[in-house]
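*Asks:* I'll drop the sequence and a predicted model, then ask my questions.
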Amino acid sequence: MAKILCVLFDDPVPGYPPEYPRDEIPTISDYPDGQKAPTPNAIDFTPGQLLGSVSGELGLRKFLEGAGHELVVTSDKDGTDSEFEKHLVDADVVISQPFWPAYLTAERIEKAKNLKLAITAGIGSDHVDLEGAMKNGITVAEVTYCNSISVAEHVVMMILGLVRNYIPSHQIVTDGGWNIADAVSREYDLEGMQVGTVAAGRIGLAVLRRLAPFDVGLHYTDRHRLPKEVEEELNLTFHETPQEMVPQCDVVTINAPLHPETEHLFDDEMIASMKRGTYLINTARGKICDRDAIVRGLESGQLAGYAGDVWFPQPAPQDHPWRTMPHEGMTPHTSGASLSAQTRYAAGTREILECFFDEKPIRDEYLIVDGGELAGTGAHSYSEGDATKGSEEAAEFKR
Ligand code: NDP
């Protein structure tokens, strides 16, 4: 019997939803590159239900308890007195979503003597000290591709929202006003602008594809170059480095994982190298940007707007300056947590657990760390190291 410790975000304030705005969600069985969507043997939930909150339990209880395992679900994840730390000491498997990450720091890994598997129900395993996982023989797996398109849609929304000044204009009508001049004095068309993505992996490429019909110039930088046919089809300009790309752009979107190479990539120096009035969209990870450099960039006008849904740490403390900085279009970490995406990452989590219990190999594309080294997608997209430092500050949210 194994103990599975699952950390999920809190239920909605009014309670777990008795009904939803829609009765169904589209069935996605294949992703754009041909990868299969999750293929668990069965699921015990209705697609489209809220699964990522505590009462949703990722739809796992019947499956796990039916097989004789113990499932502990909690949202209390930060601080040494948290439920997470209490149960971590004898947990075999930890499951957590990047939206409400259970930070698995070196100290916590040290306490988790039984831990064999850390599953990210989503994409992005930077909340796990990957170096610590490698040293301690812990497998780290995520549900690759489950919400890449969800995020790409959010990125396009945020680019348009910033460039067209949507949020302040909407505020004017809810405030009872009709101040057209106030609204449009920061509003532009996206058409003709130069848009660049830092990383053209699953999300970055999907963003490029979705933006192509807007008649913009498309740029990208990545560690590996896209196939020539894709570059030609989308008329892409490749840049060897982010430093080379960003001065050419009016809009920059960040779509790389957080790892030592990308941590604080967008600092004062990088922002100073951009055109005055660049829009920056970051739905990748908060720590890829230097928190205070973003605020300075917006205050000085070097950045015309910043939007994203990723913060560091998460949840962001009440006084995090990105909550109140000018010209921001921030949301809590929601882009990859749509009900549509939850269906896929809950099914993918179950698929990973089925493999683990049946001692079958976990799909290579789901692996980040395995056998003491970066593996699968981890070996392709990450570098060795630990990006969890400073995550203790997440406990501040409760205070
Ligand atoms: P992929 O693995 O498909 O793409 C990541 C890309 O980043 C790869 O092409 C990789 O390059 C590239 N990359 C890695 N390091 C660098 C670097 N130093 N410079 C330039 N490019 C780099 O993942 P996804 O596109 O699906 O997701 C990307 C990230 O987005 C996730 O890791 C996660 O942090 C974030 N995310 C956020 C979500 C949200 O809800 N906000 C949800 C899902 C993901 P290569 O492989 O060629 O080396």
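*Replies:* Arrived safely, thanks for sending.

*Asks:* which helices and strands does the helix or strand Thr377 falls within pack with?
*Replies:* Per DSSP states H and E: Thr377 is located in helix 376-381. If you count contacts as 3 or more CB pairs under 8 Å, 6 or more residues apart in numbering; DSSP states H and E, helix 376-381 packs onto strand 367-370. Placement of C-beta: from N, CA and C, glycine included.

*Asks:* work out the gap between the strand it packs on and the centre of the chain.
*Replies:* 18 Å (CA atoms, centre = their mean, to the nearest Å).

*Asks:* that one pairs with which strands?
*Replies:* With DSSP bridges as the test, strand 367-370 is paired with strand 139-142 (antiparallel), strand 373-374 (antiparallel).

*Asks:* what's the neighbour count on the residue of the chain at minimum distance from the ligand?
*Replies:* The minimum distance from the chain to the ligand, using CB to the nearest ligand atom, falls at Gly201 (1.9 Å). Number of residues near Gly201 (other CB atoms under 10 Å) recorded here: 22.

*Asks:* tell me the most buried of the strands paired with strand 367-370?
*Replies:* Looking across those with neighbours counted as mean count of other CB atoms under 10 Å, the highest average goes to strand 139-142: a mean of 26.

*Asks:* I'd guessed Thr334 sits against Trp100; true?
*Replies:* No. With contact defined as CB atoms under 8 Å, Thr334 does not reach Trp100; the gap is 11.1 Å.

*Asks:* those two: which is more packed in?
*Replies:* Set side by side, Thr334 and Trp100 show more neighbours around Trp100, with 25 against 13, by other CB under 10 Å.

*Asks:* how about the strands paired with strand 367-370 in JSON lines, adding distance to Gln243 and mean pLDDT?
*Replies:* Formatted as JSON lines, the strands paired with strand 367-370 follow (distance: least, CB to CB, whole Å; pLDDT from 0 to 100):
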{"stretch": "strand 139-142", "distance to Gln243": "29", "mean pLDDT": "98"}
{"stretch": "strand 373-374", "distance to Gln243": "25", "mean pLDDT": "97"}
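
*Asks:* now render these as a markdown table, adding distance to Ala118.
*Replies:* Converted to a markdown table, those look like this (distance: least, CB to CB, whole Å):
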| stretch | distance to Ala118 |
| --- | --- |
| strand 139-142 | 5 |
| strand 373-374 | 14 |
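
*Asks:* now these as TSV including distance to the ligand?
*Replies:* Below are the strands paired with strand 367-370 laid out as TSV (distance: least, CB to the nearest ligand atom, whole Å):
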stretch	distance to the ligand
strand 139-142	8
strand 373-374	11
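
*Asks:* quick check: which of those is nearest to Arg350?
*Replies:* Evaluated over these, closeness to Arg350 peaks at strand 139-142, with 12.3 Å, by CB to CB.

*Asks:* could you identify the helix or strand that succeeds the closest one?
*Replies:* helix 148-163.

*Asks:* secondary structure element for the residue nearest to Glu373 when sequence neighbours are not counted?
*Replies:* Nearest residue to Glu373, sequence neighbours excluded (CB to CB, 6 or more residues apart in numbering): Met134, at 5.9 Å. Using DSSP H and E, Met134 falls within helix 130-135.

*Asks:* near the ligand, which residues of the stretch 151-300 of the chain?
*Replies:* Residues of the stretch 151-300 of the chain lying close to the ligand (CB under 6 Å from any ligand atom) are 151, 198-204, 221-224, 255-258, 261-262, 283-285.

*Asks:* make it 8 Å
*Replies:* By CB under 8 Å from any ligand atom, the residues of the stretch 151-300 of the chain that approach the ligand are 151, 154, 198-206, 221-224, 242, 255-259, 261-262, 265, 283-285.

*Asks:* now the strands for the stretch 251-399 of the chain?
*Replies:* Listed in chain order, the strands found in the stretch 251-399 of the chain under DSSP state E, counting those that start in this stretch are 251-254, 278-282, 303-308, 328-330, 367-370, 373-374.

*Asks:* just confirm His69 contacts Leu60, I think it does.
*Replies:* No. His69 is not in contact with Leu60 according to CB under 8 Å; the separation is 9.4 Å.

*Asks:* quick one, what contacts Asp189?
*Replies:* Asp189 makes contact with 163-164 under the criterion CB atoms under 8 Å, 6 or more residues apart in numbering.

*Asks:* measure it to Val216 for me?
*Replies:* Separation of Asp189 from Val216 (CB to CB, to the nearest Å): 10 Å.

*Asks:* got it, and Val72?
*Replies:* 48 Å.

*Asks:* now Phe312
*Replies:* Counting by CB to CB - Phe312 and Val216 are separated by 29 Å.

*Asks:* all set now, cheers.
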